[in-house]
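In: take a look and give me a structure for this.
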Amino acid sequence: METMTLDIKVEKMHKLAATGTFKAYADVSFNGVMTIKGFKIVEGRNGLFIGCPSTKGKGDGKYFDIIHFTDDEVRNQLTAVILEAYKK
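Out: Sure, this is the predicted structure:
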């Protein structure tokens, strides 16, 4: 399968003042035609990582990602763009 090249840009970065593990939320555009809101920047045991937007399930209270990447290269590109914007 051929990998698609995407123009990924952080439209808004919402940094949180709290000292917990959640550091910020990001709204990201893809090729200037679609924006996905609610990517999470989280401080984990091994450093910062990106969490996908999620929704709370009915009944059990668990959260589920509302998007899923089928291409690791695209996910890695997205992670790099978001973390670079966060560190500015």
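In: ok, His68 - how many residues close by?
Out: Neighbourhood size, His68 [other CB atoms under 10 Å]: 8. Where you see a C-beta, it was placed from the backbone N, CA and C, and this is true even at glycine.
In: do Leu78 as well
Out: For Leu78, using other CB under 10 Å, the count is 21.
In: Thr21 now?
Out: 11.
In: quick one: it and Glu43 touch, right?
Out: Yes: applying CB atoms under 8 Å as the test, Thr21 and Glu43 come out as touching, 5.0 Å apart.
In: now for the spatially most central residue of the chain: which residues touch it?
Out: For the chain, Phe39 is the residue whose C-alpha lies nearest the centre (CA atoms, centre = their mean; 3.1 Å). By CB atoms under 8 Å, 6 or more residues apart in numbering, the contact list for Phe39 reads Tyr25, Ala26, Asp27, Val28, Ile50, Gly51, Cys52, Pro53, Leu78, Ile82.
In: filter these down to the buried ones and hand me the ChimeraX line.
Out: To isolate in ChimeraX the members of the contacts of Phe39 that are buried, counting by 16 or more other CB atoms under 10 Å, one can use:
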select :25,26,27,28,50,52,53,78,82
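In: mean confidence for stretch 59-67?
Out: Average pLDDT, stretch 59-67: 90.
In: again with stretch 29-37
Out: 95.
In: which parts of this protein are helices?
Out: Secondary structure of the chain (DSSP state H): helices located at 72-87.
In: regarding it, what is its longest strand?
Out: strand 34-44 (DSSP state E).
In: alright, calling it a day.
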